[in-house]
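Undergrad: Sequence first, predicted coordinates after that:
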Amino acid sequence: MITKPDKSKEITTSINLLNERLHFEGSVNGNDPISIDYIPPLGENLGYTSLELLLLSLSSCLGSSALIFLRRMNKTITGFEIISSGIRKEEHPTGFKTITLQLVVKSHDVTSEDLDKVIKLSEETYCPVWSMIKGNVDIKVEYTID
């Protein structure tokens, strides 16, 4: 019997070059492919850049862990959005100097204390993307509750 590796232990991705520049198609474990490219003049802006994908990864990591904990607290969430922005360093490598994550939570029973608690849990223990970049990038989290 062939057993599949545990997705939480090993992740395998692949990217394939699609053109004569820097346009790739990437996929993970049979999920729909995504388009990855670079900005002109090196690329043609035909997909997400690597840093855009990093922002999406951090946002979804924080969002997932925060929602899991809020739901375990029996909170009612009617809407949830994270808007992320990153300021890049001017010198090479031009990775992010700072990242700001703005959470917009729609709920009649979530409090600031609830969000402070789940954000802290995400940062310190449960969000692996945050853990990997913490100490290298200044990450700020802001939120509003509607």
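TA: Received it, and whenever you're ready, just let me know what you need.
Undergrad: domain ranges for the chain?
TA: As recorded under automatic domain parsing, the domains making up the chain are 11-48, 50-145.
Undergrad: who's the closest residue to residue 17 other than its chain neighbours bridged to?
TA: Counting by CB to CB, 6 or more residues apart in numbering, residue 17 lies nearest to residue 24, which is 5.8 Å off, once chain neighbours are set aside. From N, CA and C alone the C-beta is placed, and that goes for glycine too. Using DSSP bridges, the bridge partners assigned to residue 24 are residue 17, residue 36.
Undergrad: quick one: contacts for residue 24?
TA: Going by CB atoms under 8 Å, 6 or more residues apart in numbering, residue 24 touches 15, 16, 17, 18, 35, 36, 37, 47.
Undergrad: Now the last one: closest residue in space, sequence neighbours ignored.
TA: It stands for residue 47. Using CB to CB, 6+ apart, the nearest residue to residue 47 is residue 35, at 2.9 Å.
Undergrad: does residue 139 sit in a helix, a strand or a coil?
TA: Secondary structure assignment for residue 139 (DSSP: H, G, I helix; E, B strand; the rest coil): strand.
Undergrad: Renumber starting at 40 from here on
TA: Understood, numbering begins at 40; the last thing we discussed is residue 178.
Undergrad: Tell me which stretches of the chain form strands.
TA: 52-56, 63-67, 73-75, 118-127, 135-145, 177-184 (DSSP state E).
Undergrad: same for the third one, what does it pack against?
TA: This means strand 73-75. Here strand 73-75 touches strand 63-67, helix 89-111, going by 3 or more CB pairs under 8 Å, 6 or more residues apart in numbering; DSSP states H and E.
Undergrad: about what we covered before: of the contacts of residue 63, closest to residue 97?
TA: Closest approach to residue 97 among the contacts of residue 63 (CB to CB): residue 75, at 16.8 Å.
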